[in-house]
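> this one's sequence-less:
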């Protein structure tokens, strides 16, 4: 209970005759000085920390309120909303909150917290001080010139009514405190009145942790060291959640459960096991860099159990430090499911929405696409997310949709992947995922908007890799759009049909057109360049080059999971073969009268069943006008494309129709009623004429069609 400062150490209170009442009075004096002019917040914090160590001897009813004041004083050190708590102060605050949670949950006596306002606490302190000052002033007024000496000795003239002996003011305060405790019921004795809310303190601690990760440079050792604190924070949240569950405060417990979910949902099982193992290793052995080189050498296990110092170093006698894998194995799917289910039952609307998004994210991250898709469709989040009114929740929705698309891509569901990724990837991806702030010359954001956007940024270790995202989006768009482009005749062969062709991915079309218009195209460098070169090869039917280009991308190594990169490459190769076959048939079927099944199998390295399935689907969908000749295993093609004369006739008819429509619009503009004058005044009733006006517009629309 000593303070260390610039000068010599001094004691806060004399420990000889220290009582709980004296301690409470001193705590009240220190707390009442908070916020006053000329008061140093750090001094108040050091005093309260010293008093908290003294309060441990008087039991939880004295210790917990002081610890709550200490936590509040820690948060008072942050002047503005953009300041974040340093690692040392954060760990200190976490240790105080852990101490409170341990007292409430781990002891034999199950205490609960009762809330009193700061005004009530300060009012009680002021009443006690006023009564004390009033007694001294009365004593001073009644004794004339010797009033000062009598006032100083007034404390000693207090009489204990039970024993009749004099007592000091401190003794009286302690006696009254014990009498109040004796008059309490067992339930009241287990209720500790405190100023502040434990759940709000834990939530604030979580916010400070996230804020520190946003401010620290991610490519430094400080960021990595900061990540080690997350495991302890999750344990603290779990312990405090258990307390609120025990006392029946399900709403606050649900909020804490949601915080736990947001620290767990983004971690893949393989990464989570490695992180937990590293945290357990650090907790058991300390810093890895401080271990003796002999115990971390490659042959340390060879000397395990040897005690001869002449043969091995003593540091290697126990082998390499390691952590048992069984001690860190956790079923993350069950943990996330239990926590989210609890939030669904007791949480607020915002917590339920965020829990659902995290649940879908975790399913998609582990390639449980069907479960994630069913949750998304049943929750109708796509319809209601625009009404959420919370930007951070919308950002989480974007992250969920992106992860769902990546999951579909890994499983080979190309259409689903493109549907999930197209909305986010067609705009400003960094801003939609809160992974960067755009600061350009033509930005119309104010300074406050930029600060608010920086506060919403996702910590670096939770980022979705944008190169991987672009590769998956453009690859899925290529596999869908290249056959579509070949069917529409983008090379000019089917010009009448080209104008009305359905565009699947406008983003891919834009990049493809830009790449085609370049005068000189060098070797591909970025992910987008590789996909564009691969798409041109696929349009020519060169599926092998397309497969080599996409399979050679380095971003596939970033996919979590053992063997995931090889699975994606093999999946892409199979998809490229099938789409290459479809593209070849779309582009060159008009030049053949028949095609051999064996020849197609050899060209695209597919089995007969696969080629037969693809071609049959094209025939059923009327994409290919042909039929099978079973005995010879050939495809008999029927040329249904218009001849040159028919093509010119179709062009003439379309342009003539456009000319007639333009003349009608010019005549309507001169008349001033756009062709609806007669319909408007039909029947002489203005209201009825209004109906005719709407009908006329409808008829005009039909005519233009």
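Cool, the structure landed. None of the values given here were measured: they were computed from a predicted structure.
> now the top helix by length along the chain, how far from the centre of its chain.
Longest helix in the chain, counting residues (DSSP state H): helix 644-671. Put simply, helix 644-671 sits 55 Å off its chain's centre (Cα atoms, centre = their mean, to the nearest Å).
> ok, now stretch 513-527?
Centroid separation for stretch 513-527 versus its chain: 35 Å, with Cα atoms, centre = their mean.
> Just the endpoints, please. Distance across that stretch?
17 Å (Cα to Cα, to the nearest Å).
> List the contacts of it.
467, 470, 471, 474, 529, 530, 532, 533, 536, 549, 553, 555 (Cβ atoms under 8 Å, 6 or more residues apart in numbering). All C-beta atoms are positioned from the backbone trio N, CA, C, and that covers glycine.
> Narrow those to those that are buried.
Listed as buried from those are 470, 471, 474, 529, 530, 532, 533, 536, 549, 553, 555; burial here means 16 or more other Cβ atoms under 10 Å.
> State the number of residues packed around residue 652.
Around residue 652 there are 10 other residues, counting by other Cβ atoms under 10 Å.
> what's the distance between the nearest residue to residue 18 once chain neighbours are set aside and residue 22?
Of all residues not flanking residue 18 in the chain, residue 54 sits nearest, at 6.7 Å (Cβ to Cβ, 6 or more residues apart in numbering). The gap separating residue 54 from residue 22 is 10 Å, by Cβ to Cβ, to the nearest Å.
> Show the contacting residues for the residue nearest the centre of the chain.
Of all residues in the chain, the one closest to the mean position by Cα atoms, centre = their mean is residue 396, 5.5 Å from it. By Cβ under 8 Å, 6+ apart, residue 396 lies in contact with 354, 357, 358, 361.
> what's downstream of the helix or strand containing the first one, the next helix or strand?
Translated: residue 354. Assigned by DSSP states H and E, residue 354 falls within helix 349-365. Per DSSP H and E, helix 349-365 leads on to helix 369-379 as the next helix or strand towards the C-terminus.
> Let's test this: mean pLDDT of that next one, rounded?
Helix 369-379 shows a mean pLDDT of 93.
> which secondary structure elements does the helix or strand that it is followed by contact?
The helix or strand immediately downstream of helix 369-379 is helix 381-384, counting by DSSP H and E. If contacts are counted by 3 or more Cβ pairs under 8 Å, 6 or more residues apart in numbering; DSSP states H and E, helix 381-384 sits against helix 349-365.
> Residues in contact with the helix it packs on: which ones?
Residues from elsewhere that reach helix 349-365 (Cβ under 8 Å, 6+ apart): 254-255, 258, 261-262, 264-266, 268, 332-333, 336-337, 339-340, 343-344, 347, 369, 371-372, 375-376, 379, 381, 385, 388, 390, 393, 396-397, 399-400, 403-404, 406-407, 560.
> can you rerun that using 7 Å?
With Cβ atoms under 7 Å, 6 or more residues apart in numbering as the test, helix 349-365 has contacts from 254-255, 258, 261-262, 265-266, 268, 336, 340, 343-344, 347, 371-372, 375-376, 379, 381, 388, 390, 393, 396-397, 399-400, 403-404, 407.
> list the buried ones in it?
Buried residues in helix 349-365 (16+ other Cβ under 10 Å): 351-365.
> quick one: it to helix 369-379, angle?
160 degrees (axes from the mean of the first three to the mean of the last three Cα atoms, to 10 degrees).
> Next, residue 628: secondary structure please.
What DSSP: H, G, I helix; E, B strand; the rest coil gives for residue 628 is strand.
> which ones are touching the residue nearest to it when sequence neighbours are not counted?
Spatial nearest neighbour of residue 628, chain neighbours left out: residue 635 (6.4 Å); criterion: Cβ to Cβ, 6+ apart. Shown in contact with residue 635 (Cβ under 7 Å, 6+ apart): 594, 595, 615, 626, 628.
> Can you name the helix or strand that the spatially closest residue to the second one that is not a sequence neighbour falls in?
Spelled out, it's residue 595. Leaving aside its sequence neighbours, residue 595 sits nearest to residue 635 (Cβ to Cβ, 6+ apart; 4.5 Å). Taking DSSP H and E as the criterion, residue 635 maps to strand 634-637.
> Which strands border that strand, and is each parallel or antiparallel?
Strand 634-637 has the following strand partners under DSSP bridges: strand 594-596 (antiparallel), strand 626-629 (antiparallel).
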